[in-house]
Structure formats: structure tokens, C-alpha cells
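Visitor: Next one to model:
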Amino acid sequence: MNTSKEKIKVLVVDDSAFMRKVISDMLSQDDEIEVVGTAKNGKDGIDKAQLLKPHVITLDVEMPIMDGITALEKLLELNPAPKVIMLSSLTNNGGEATMKALDAGAFDFVPKPTSSIIHFNIDDIKEDLVKKIKNSVTSNTLNYNRKSIFPNKITMQPKEKVQSDCMLKYIIAVGTSTGGPRALQEVIPLLPADLPAAVLIVQHMPPGFTKSLALRLDSLSEINVKEAENGDILKPGWAYLAPGNYHMYINKASGEYRIGLNQEIPMTGHRPSVNYMMNSVAACGHKNLIAVMMTGMGNDGSEGITKIKNVGGKTIAQNEETCVVYGMPKSAVNMGVIDKIIPLTEIAKEIVKFTGV
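Guide: Reported below is the predicted structural model:
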């Protein structure tokens, strides 16, 4: 789609005239991006998209006449379908709506600034949004548009879980970024309730959204999934998701492995960082470790997964064909430390095989 001379055409959809202007002005400052138009609601956005044929659309979630989620589903039916990046409010409803948008096929999201216009600072999202727009045009369109394998479970109620009585035989470390929320839904729910392992997950997300992701994964899964808290004791049959803006690590004390959280400086540009988590897993002293690298831009995790491999851990990377963005897995593969390079749909099966369930 995008040659070295062709600019990335972007359509900005937001019900706020102020937001439309500041986002347009911000994106127009980049030499590789051309804002081809703006729209004031989802219906207007669909009409403009058909006319202007943008490569990327920034889409507000909450709008009158037609909201962002409804518009997203219709936009993805266009041929060719644009890449859509959601602007999501940092609220409980906003977090849930963002999970639905990612599940429906949004490429990614950025949190919408919630401060007043007087104190508004577009720089809070500028770098993140520009980077995601540029990465979206080279992403794997087939995987981006593919429907979740759990299309009817969005409103599932929490179910009573079977508590595992097995020992903590394995610790599994999972790292992911762009495309991760949907990818995790095709791995974590396929792990059995009697998994003799605790799963640590770092998904690059800002604060306020990881809780919604943890709740969604928990509603879909046989194992228990929660947003990690400082002092949590690792238990088999549980998955712990690093909260946004906190590094997650583990250490051993009194014979138990516990989760710690801190706000030390970002590592590899991220907090939470996959490297930070995996480095602690490699150093924790547990003899049975599994590390999994999934879809995402950048190279966070390649150092940590190397350390896990060097202490005898098993390593898995999602293959390029099923990644939305083949960045983090590619970096790990290039380190020469991956035991299995497999499609997304095979990852849970490989984990189960490694753990002997």
C-alpha cells in the first residue's frame, strides 16, 4: 500500500471539534502523514471513508448518532478496509468498550486525554499515536481483520472456577503488545483448569485498561485471570496480568513465589516491560520455566527470553504469518533462543505439552 513517496492518508473521526482540530494539526506535522479529512460521528466517518479511502482512521469511542464500536464494524467491511485506531476514554465503560473494539478488529488504541481544555496537552498521545499509525500500514491485514474465535462471549458472566490442587510445577512468562489483547484470547482460554503452572503476562497497555482485559480473559477462561497486585502468591491455575504503568516481577520468599510491582524507569521504552518481568523469572530459581513471545511492535522481551533460555527454560514465539505485528517475536527469533516458532492457534497446545497436562 504505502510506497516511500506516498503519504499515509488519515481520517480523523471525533464528535469534538476541538479534538478534531488538535489531532489533525498534530498529525499534519509529520512528513509521512496526510490528514485527508475529519468526521463528527460514526455515520459521517463511514461516508467520508468511502469517499476519501484513507489508509488509517482515528476513531473516538463515544459519539452521538453512531458510536465508534458500531462504526468500526461497518468500516472493516469496506474494501479495502482501513486500519482503525481507537481513542478511548479512561473510564470503566471506556475500558470495556476498548476491549470490544480490539476484539472487533481495531488495530490498536490510544488513551484519550481526560484533562480540561485549559490544561490539555496533545503531546501526551502524539508519539504513541504517530508510531501506531505508521506501524498499522505495514501490519498483517489478514490477522487484523480476522474475527475472534470467541465472538459470542463478550457478555459472558464470571463463572465458578475449579481451584487447582496441584503443585506449582511451572512458571510461564508471556509478553505481547500490538494485537495482544485478541491474541491472548486465543491462548489463555484454551489452557486447562488443572494447569500446574502460574502464568505471568505483560501486555503493553496504559493504566486503567489492563483491569478490563484481565476481567475479559477471566470470563473466557478455565484458569483464573486477574490484574496482578503487589504481594500476590503465585498459584497453579492462575494468570496474572501486569497493571498498566507498573513493572511486574517475582521473587522467592519463605518457599513461595510472590509478585512485586514498582514504578522504576521504563525499560525498552515500556512500563510494564516484558524484559523486566522475564529477567526476574529467569533469576527466581524455579527449575521449570516457559517463555512465550507474541505479536507486538518493537523488541521488548528479547533480552528476558534469552535469559530464560540460558537457565534452561523452554521458549515459544508466535510465527510471522499469524502476528498482527511481527516485531517482538522476530527480535526474539533473531536472538537464536526460540525452541518453537508456531502459529497463534498452536501456542496453548504447546504450553500444555510442555507442562505435561
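Visitor: can we go C-alpha only for contacts and neighbour counts from here?
Guide: Fine.
Visitor: for the stretch 1-150 of the chain, what are the low-confidence residue spans?
Guide: For the stretch 1-150 of the chain, the stretches with pLDDT under 70 are 1-5, 90-94, 113-121, 124, 141-150.
Visitor: try 50
Guide: For the stretch 1-150 of the chain, residues meeting the criterion pLDDT under 50 lie at 2-3, 118, 149-150.
Visitor: Number of residues surrounding T306?
Guide: 23 (other CA atoms under 10 Å).
Visitor: Tell me the buried residues in whichever strand or helix holds it?
Guide: Per DSSP states H and E, T306 falls inside helix 302-310. Neighbour counts using 16 or more other CA atoms under 10 Å place S302, E303, G304, I305, T306, K307, I308, K309 of helix 302-310 among the buried residues.
Visitor: Adding distance to N140 and pLDDT, write those residues out as a markdown table.
Guide: Formatted as a markdown table, these follow (distance: CA to CA, whole Å; pLDDT from 0 to 100):
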| residue | distance to N140 | pLDDT |
| --- | --- | --- |
| S302 | 21 | 97 |
| E303 | 25 | 97 |
| G304 | 25 | 98 |
| I305 | 24 | 98 |
| T306 | 26 | 98 |
| K307 | 29 | 98 |
| I308 | 28 | 98 |
| K309 | 28 | 98 |
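Visitor: Between these, which sits nearest E320?
Guide: For these, the closest approach to E320 (CA to CA) belongs to S302, at 15.7 Å.
Visitor: Would you check that the closest one makes contact with M335?
Guide: Yes - contact criterion CA atoms under 8 Å: S302 and M335 qualify, at 7.1 Å.
Visitor: check contacts around the closest residue in space to A332 that isn't next to it in sequence.
Guide: Leaving aside its chain neighbours, A332 sits nearest to S302 (4.6 Å; criterion: CA to CA, 6 or more residues apart in numbering). Counting by CA atoms under 8 Å, 6 or more residues apart in numbering, S302 touches N275, M328, P329, S331, A332, M335.
Visitor: Tell me how far the helix or strand harbouring the third one lies from the chain's centre.
Guide: For P329, the host element (DSSP H and E) is helix 328-334. Here the centre of mass of C-alpha atoms in helix 328-334, compared against the chain's by CA atoms, centre = their mean, to the nearest Å, lies 17 Å away.
Visitor: Pairing partners for whichever helix or strand comes after that helix, with directions?
Guide: Counting by DSSP H and E, the element after helix 328-334 in chain order, helix or strand, is strand 340-342. Strand pairing for strand 340-342, using DSSP bridges, gives strand 314-318 (parallel).
Visitor: Report the angle between the strand it pairs with and helix 302-310.
Guide: 140 degrees (axes from the mean of the first three to the mean of the last three CA atoms, to 10 degrees).
Visitor: Mind checking what secondary structure the closest residue to P196 other than its chain neighbours has?
Guide: Excluding the flanking residues, the one nearest P196 by CA to CA, 6+ apart is P236, at 5.0 Å. What DSSP: H, G, I helix; E, B strand; the rest coil gives for P236 is coil.
Visitor: What about G255, how many residues nearby?
Guide: Other residues lying near G255 total 7 when counted by other CA under 10 Å.
Visitor: mind listing what it touches?
Guide: By CA under 8 Å, 6+ apart, G255 lies in contact with nothing.
Visitor: Setting aside sequence neighbours, what's the nearest residue to the residue positioned nearest the centre of the chain?
Guide: Residue closest to the average C-alpha location in the chain (CA atoms, centre = their mean): G180, at 3.5 Å. The shortest distance from G180 to any residue other than its chain neighbours is 6.0 Å, reached at T295 (CA to CA, 6+ apart).
Visitor: I'd like the distance between that neighbour and K330.
Guide: Distance of T295 to K330, computed by CA to CA, to the nearest Å: 9 Å.
Visitor: The two - which one has more neighbours?
Guide: T295 (29 against 24).
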